[in-house]
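Peer 1: Sharing a sequence plus its predicted fold:
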Amino acid sequence: EKVFSGFSKTRSNLAVIDELLLYWNLADTDRVLDELEEALLVSDFGPKITIKIVENLREDILSGKLKSGNEIKEALKKNVLELLTSKGSKTELQLGFRKPAVIMIVGVNGGGKTTSLGKLAYRLKNEGAKILMAAGDTFRAAASDQLEIWAERTGCEIVMAESEKAKASSVLSQAVKKGKELGFDIVLCDTSGRLHTNYSLMEELISCKKSVAKVIPGAPNEILLVLDGTTGLNMLPQAREFNDVVGVTGLILTKLDGSARGGCVVSVVDELGIPVKFVGVGEGVEDLQPFDAEAFVNAIFM
Ligand code: GDP
């Protein structure tokens, strides 16, 4: 498995501090921490987290707790890891005991929702689950076609709208009913993500959520918000809105193979208190990885 192949840019931004730490001595502290601050900001950690980390380190250096460049580096990694894990939320999918489990995938168009759904289907199917896809993006005709291609590619069944006027919520409830009747393990629900009519999108997502809960109490088990990693900190307001309206249970950060700046992973987790469950590292069927905070930290601070 490719392990966080996507962070080459972040890694090289942060590598700047390695050399400084190698020759670190107490008199150098301010200069090293300034450089570190710059490197963290460039990598999209955001000002709040950057200041928190830098000031933590400064305190521990000045109090004599950190005595070498190596110790500073380890403390830096520990700080970041703590930010990622302190909310105590689970990064594994929580699918409950009722069958089928329902996973709703939400997010704005272009972020990688449909692709992530396809990749997730592939992964879960390989783990032995019987997967049904639901083409809930009824707004964009091409979206259902695109999902159908993923259904073929992964060998999963799919429920699509019967007419152009079908509502997303009825496609989803139909899919969940079918999933229940035919013994599927998991129903993966795609949804719309049109940007410019946000209000009605949020209404629609609420009614999608209600319609599946009517078929299976407690469903959806997971509402995964797909965020485009290349948008960096700009994803935060959008993520907040989705979370406020539908209650997001996990994040999928996509396009981390490209020029994404890895620090945004830390800031989005810290800001929202929602765990990253998967990361997208490419367009292929195998390019979705479960998120492992420790592997991530080791990948960006080599
Ligand atoms: P949606 O509108 O949110 O459903 O987005 P799509 O799933 O259609 O994805 C939009 C574009 O981003 C497509 O060209 C995808 O192939 C691409 N994409 C999605 N996830 C990733 C990823 O993790 N890495 C890369 N490089 N491209 C991705």
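Peer 2: Structure's in. What do you need?
Peer 1: From L205, how far off is I216?
Peer 2: 17 Å (Cβ to Cβ, to the nearest Å). From N, CA and C alone the C-beta is placed, and that goes for glycine too.
Peer 1: With I103 instead?
Peer 2: For I103 relative to L205 (Cβ to Cβ), the value is 14 Å.
Peer 1: Tell me which residue is most central in the protein.
Peer 2: I252 (2.2 Å; Cα atoms, centre = their mean).
Peer 1: Once you drop chain neighbours, what's closest to A101?
Peer 2: Once flanking residues are discounted, A101 sits nearest to L95: 3.7 Å by Cβ to Cβ, 6 or more residues apart in numbering.
Peer 1: Would you confirm that G273 contacts T85?
Peer 2: No - if you go by Cβ atoms under 8 Å, G273 and T85 don't touch, sitting 11.7 Å apart.
Peer 1: Compare neighbour counts for those two and give me the winner.
Peer 2: Applying other Cβ atoms under 10 Å to G273 and T85 shows that T85 carries more neighbours, namely 15 against 12.
Peer 1: Mind pulling up the pLDDT for that one?
Peer 2: pLDDT recorded at T85 is 89.
Peer 1: tell me the contacts of it?
Peer 2: Taking Cβ atoms under 8 Å, 6 or more residues apart in numbering as the criterion, T85 is in contact with A293.
Peer 1: Please apply the same query to G232.
Peer 2: G232 neighbours (Cβ under 8 Å, 6+ apart): 44, 260-261, 264.
Peer 1: Which residue ranges of this protein form strands?
Peer 2: Taking DSSP state E, the strands of the chain run over residues 101-106, 131-134, 157-159, 186-189, 222-228, 250-254, 276-280, 288-290.
Peer 1: Apart from its chain neighbours, what residue comes closest to the residue in the stretch 151-300 of the chain that the ligand sits nearest to?
Peer 2: For the stretch 151-300 of the chain and the ligand, the shortest gap (Cβ to the nearest ligand atom) falls at G280, measuring 2.6 Å. Of all residues not flanking G280 in the chain, T254 sits nearest, at 3.5 Å (Cβ to Cβ, 6+ apart).
Peer 1: L26 too?
Peer 2: Nearest to L26 is I61, by Cβ to Cβ, 6+ apart, at 7.4 Å.
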